[in-house]
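*Asks:* here is my input, please return the structure:
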Amino acid sequence: MTLQSALKTGLLKVFVYALLALFLIPALTYVFTGYAQRDRDERFVAGISQRIDAEKGMPASEKQARKDYYRSNPPSTICSSTDPQAQDYRAALCERYGEVWQFTLVRTVSLWTMVVSALLLLAVLGLGALAFVDRKMQYTSFVTGWRLTTWASAASLLVQGALAVWLSFWVTAFFFHQYSPKFIVLVGLAVALGVFVAVAGIFKRVHWDNQAVGELVSEADAPVLWKRIRQLAQRLNTEPPRNIVAGIDANFFVTEAPLTVGNHTLTGRTLFVSLPLLRILDQSEADAVLGHELAHLRGGDTRSSARLGPKLVQFDHYRHAIRAGGLSAVVSPVLDLYRTIFEIALARDSREREFKADRIAAKLVSPAAIAQSLVKIAAYAQYRDRIEDELFGQNQRHDNQLGIARYVATGLAPYAASADFLDAMKTANVPHPFDSHPAMTDRMRNVGMSLAESDYGAIAVRAPTATWAQEILTADDIEQRLWSAYETEFAQDHERSLAYRYEPATDTERAVVLKYFPPVSFALKGDATVEVSIDGIRTSADGTTVFWDAVKDLQFKESSLGNALVVTHPEKGVIGQKTTKIKLPGLKKEKDHFNAVLGAYWQRHQIMRVQQLEG
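*Replies:* Predicted structure coming up:
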């Protein structure tokens with residue numbers, strides 16, 4: 001499933017959630033107030049009719065007229081009446097903050113909340129539609145929608161929160177003739193916290209750090225390559241990059257956003273080139289790739305991304321804050337709806353930009369060069385991912401010199417001759433850090449080039465006659481430094497994962513696990529301690545150890561008499577599940593740290609058991 005189809009599949013789900021977020025509480029409030037008002041009207045009219053009938057000396061016709069008047073003007077409508085003859089009637093029933101006044105006001109507010117919510121939904125859909133019209137409209141559309149949805153979400157949370165607090169009193173008071181002050185206060189505090197999170201998130205500024213792992217290549221380090229890139233840029237009638245960064249990631253890209261590389265922040269147009277890919281691409285194939293990237297510069301794609309990128313990041317941070325803010329999460333579907341619509345527009349635009357850049361590169365160099373470069377890049381990326389997955393999946397600890405580049409170089413040819421290779425290449429795409437690239441075969445058809453699948457293997461391993469990597473004087477040193485740092489980090493991540501996989505069964509394995517999960521001791525009252533380790537939970541007071549395999553669930557209990565940990569065991573007890581209560585007297589200030597450590601070690605044990613079962 002492509003990114004765009006996945007987004008479309010999720011759009012209906014997000015839309016339904018957005019409808020619930022916008023209309024559920026006001027609709028429930030509107031229905032409840034209507035029901036309550038009708039009930040109150042019936043009881044009021046019945047009561048006053050009895051009083052009228054009890055009046056002596058009043059003609060029957062007058063009695064009937066008065067009863068008809070109250071039936072036509074029940075309490076639910078009288079507060080909004082402007083009839084001067086009903087002034088005393090209104091004064092008696094519509095006292096400010098009284099029941100009739102409250103129900104009339106809340107019903108009106110709930111109705112207008114639904115109306116405004118409908119308008120907001122239409123605005124979200126309309127602004128989302130504008131993003132499909134033209135790329136120039138995307139920035140304006142998104143910024144407008146961003147400001148509208150964030151402020152509207154905060155306002156919606158405030159209004160709907162107020163309705164929820166009102167309902168928390170009146171629903172129980174109306175149906176059960178009682179209410180819970182604690183419940184009302186709890187709802188009110190949750191609403192206040194949610195509103196605070198929503199408003200604070202609007203004003204929070206997020207730092208957008210666009211990073212790349214690589215090293216700058218100066219013109220003195222690669223004069224011929226710089227000259228070639230300037231020639232290609234001139235032929236495309238666009239300004240050449242100001243910076244060239246060489247790295248070992250399996251992709252090429254251009255950006256006009258500030259890019260952090262090491263200790264430097266680069267501005268202006270920057271081109272990232274992959275040294276491993278430049279070594280397997282013939283110069284003409286690499287020219288096609290470079291022409292493709294320069295076409296993005298000419299088309300304004302990178303300028304548009306540089307403007308829009310920080311806004312997208314800030315909007316996504318706001319969405320995350322809303323989801324994690326307790327009650328504020330109820331309005332997040334509205335934000336998700338707009339973001340999903342916009343992401344579909346961006347994905348479609350990205351696909352069109354890639355096709356256009358490919359056509360420009362094919363005209364600049366040749367369709368064959370584009371097609372062959374796609375096969376080589378996809379094959380390298382697929383095989384490198386496979387090698388790294390296999391290395392990461394091994395249960396033996398690696399040293400810092402894994403030799404991933406060597407594994408890929410020696411194993412690519414056998415892989416390209418395997419049946420797995422053709423299956424992988426049928427759905428392959430070329431990796432890219434910023435865009436969702438179309439499938440490789442679609443890109444070939446776009447430039448009018450058709451390669452037989454049986455030729456993929458030969459193309460993937462075809463040795464280039466001359467490469468641009470040979471023209472970078474510092475290429476070998478850059479690769480050595482980057483691969484060394486990459487493999488060191490890879491080995492560290494792998495070792496950390498082993499700490500979750502090992503039981504441990506040997507002293508060597510135990511040393512790895514203890515490196516990341518050493519025993520942690522917490523002081524209790526007196527000289528007692530409780531220790532959390534990879535084996536379980538042990539208290540010094542009685543020397544009891546509860547091993548992790550004997551744990552089904554953990555629950556920390558706070559009490560004025562002393563905190564305790566209730567351990568639920570897998571086996572049954574006399575009544576229900578068997579439990580053990582571990583008393584923790586004196587554990588107060590460190591209770592949060594204790595719970596965090598307890599959760600981490602319990603999670604490690606569960607992951608380890610699953611890994612052991614899978615084998």
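
*Asks:* ok, longest strand in this protein?
*Replies:* The longest strand of the chain (DSSP state E) is strand 563-572.

*Asks:* moving C-terminal of it, what's the next helix or strand?
*Replies:* strand 577-584 (DSSP states H and E).

*Asks:* report the buried residues of that next one.
*Replies:* Using 16 or more other Cβ atoms under 10 Å as the test for burial, strand 577-584 gives Ile582, Lys583, Leu584. From N, CA and C alone the C-beta is placed, and that goes for glycine too.

*Asks:* same deal with stretch 385-401?
*Replies:* Buried residues in stretch 385-401, counted by 16+ other Cβ under 10 Å: Arg386, Ile387, Glu388, Leu391, His398.

*Asks:* who touches that stretch?
*Replies:* Identification of contacts with stretch 385-401 by Cβ atoms under 8 Å, 6 or more residues apart in numbering yields 402, 404, 407-408, 411, 415, 484, 487-488, 490-491, 493-495, 497-498, 501-502, 508, 512.

*Asks:* in PyMOL, select just the buried ones from those residues.
*Replies:* Command for PyMOL that selects the buried part of the contacts of stretch 385-401, burial taken from 16+ other Cβ under 10 Å:
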select buried, resi 402+404+407+408+415+487+490+491+494+497+498+501+502+512
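
*Asks:* please write out the alpha-carbon positions of the lowest-mean-pLDDT helix or strand in the chain in PDB.
*Replies:* Least confident helix or strand of the chain, by mean pLDDT, DSSP states H and E, is helix 87-93 with a mean of 77. Extracted in PDB, the C-alpha atoms of helix 87-93 (Å, rounded to 0.1, in the frame of the first residue of the first chain):
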ATOM      1  CA  GLN A  87     -43.400  40.300  32.000                       C
ATOM      2  CA  ASP A  88     -44.500  39.000  35.400                       C
ATOM      3  CA  TYR A  89     -44.400  35.400  34.100                       C
ATOM      4  CA  ARG A  90     -40.800  35.900  32.900                       C
ATOM      5  CA  ALA A  91     -39.800  37.600  36.200                       C
ATOM      6  CA  ALA A  92     -41.100  34.600  38.100                       C
ATOM      7  CA  LEU A  93     -39.400  31.900  36.100                       C
END
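
*Asks:* packing partners for it?
*Replies:* Packing contacts for helix 87-93, counted by 3 or more Cβ pairs under 8 Å, 6 or more residues apart in numbering; DSSP states H and E, involve helix 75-78.

*Asks:* how far off centre is the helix it packs on?
*Replies:* The chain centre lies 48 Å from the centre of helix 75-78; the measure is Cα atoms, centre = their mean, to the nearest Å.

*Asks:* and the helix or strand harbouring Ser373, how far from the chain's centre?
*Replies:* Using DSSP H and E, Ser373 falls within helix 367-393. Offset of helix 367-393 from its chain centre (Cα atoms, centre = their mean): 28 Å.

*Asks:* C-alpha coordinates for the following helix or strand past that helix, PDB please?
*Replies:* Using DSSP H and E, the helix or strand that directly follows helix 367-393 along the chain is helix 404-416. Taking Å, rounded to 0.1, in the frame of the first residue of the first chain, the C-alpha atoms of helix 404-416 are listed here in PDB:
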ATOM      1  CA  ILE A 404      28.800  -3.100   6.400                       C
ATOM      2  CA  ALA A 405      30.200  -1.600   3.300                       C
ATOM      3  CA  ARG A 406      32.300  -4.700   2.700                       C
ATOM      4  CA  TYR A 407      29.300  -7.000   3.200                       C
ATOM      5  CA  VAL A 408      27.300  -5.000   0.700                       C
ATOM      6  CA  ALA A 409      30.000  -4.900  -1.900                       C
ATOM      7  CA  THR A 410      30.700  -8.600  -1.700                       C
ATOM      8  CA  GLY A 411      27.200  -9.800  -1.400                       C
ATOM      9  CA  LEU A 412      25.300  -7.600  -3.900                       C
ATOM     10  CA  ALA A 413      26.100  -9.800  -6.900                       C
ATOM     11  CA  PRO A 414      24.800 -13.000  -5.400                       C
ATOM     12  CA  TYR A 415      21.800 -11.200  -4.100                       C
ATOM     13  CA  ALA A 416      21.100  -9.700  -7.600                       C
END
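
*Asks:* what lies in contact with helix 404-416?
*Replies:* Helix 404-416 has contacts (Cβ under 8 Å, 6+ apart) with 248, 276, 379-380, 383-384, 386-388, 391, 421, 456-458, 460-461, 479, 483, 486-487, 490.

*Asks:* where does the stretch 251-400 of the chain dip in pLDDT?
*Replies:* Nowhere does the stretch 251-400 of the chain drop to pLDDT under 70.

*Asks:* from Val334, how far out is the nearest residue to Ala154 once chain neighbours are set aside?
*Replies:* Spatial nearest neighbour of Ala154, chain neighbours left out: Ala198 (4.0 Å); criterion: Cβ to Cβ, 6 or more residues apart in numbering. Using Cβ to Cβ, to the nearest Å, Ala198 is found at 11 Å from Val334.

*Asks:* need the residues touching each of the two.
*Replies:* Ser153.

*Asks:* all strands of the stretch 451-600 of the chain, in order?
*Replies:* For the stretch 451-600 of the chain, strands defined by DSSP state E, counting those that start in this stretch occupy the ranges 520-523, 529-532, 536-539, 545-547, 553-557, 563-572, 577-584.

*Asks:* export these to CSV and append columns for distance to Gln211 and mean pLDDT.
*Replies:* Converted to CSV, the strands of the stretch 451-600 of the chain look like this (distance: least, Cβ to Cβ, whole Å; pLDDT from 0 to 100):
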stretch, distance to Gln211, mean pLDDT
strand 520-523, 34, 94
strand 529-532, 36, 94
strand 536-539, 41, 92
strand 545-547, 44, 90
strand 553-557, 39, 91
strand 563-572, 42, 88
strand 577-584, 44, 87
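
*Asks:* relative to Leu598, which of these is closest?
*Replies:* With Cβ to Cβ, the closest approach to Leu598 among the strands of the stretch 451-600 of the chain belongs to strand 529-532: 5.6 Å.

*Asks:* list the buried residues of that closest one.
*Replies:* Residues Val530, Val532 are the ones in strand 529-532 that count as buried (16+ other Cβ under 10 Å).

*Asks:* and for stretch 254-273?
*Replies:* Quick answer for stretch 254-273 (16+ other Cβ under 10 Å): Val254, Thr255, Glu256, Ala257, Leu259, Val261, Leu266, Arg269, Thr270, Leu271, Phe272, Val273.

*Asks:* isn't the third one up against Ser304?
*Replies:* No: the pair Glu256 / Ser304 is not scored as a contact, 9.1 Å apart, by Cβ atoms under 8 Å.

*Asks:* sorry, back to before: angle of the helix holding Ser373 against helix 404-416?
*Replies:* Put simply, helix 367-393 runs at 110 degrees to helix 404-416, going by axes from the mean of the first three to the mean of the last three Cα atoms, to 10 degrees.

*Asks:* show me what stretch 52-59 is in contact with.
*Replies:* By Cβ under 8 Å, 6+ apart, the residues outside stretch 52-59 that reach it are Lys63, Arg66, Lys67.

*Asks:* and those, which are buried?
*Replies:* Buried among those by 16+ other Cβ under 10 Å: Arg66, Lys67.
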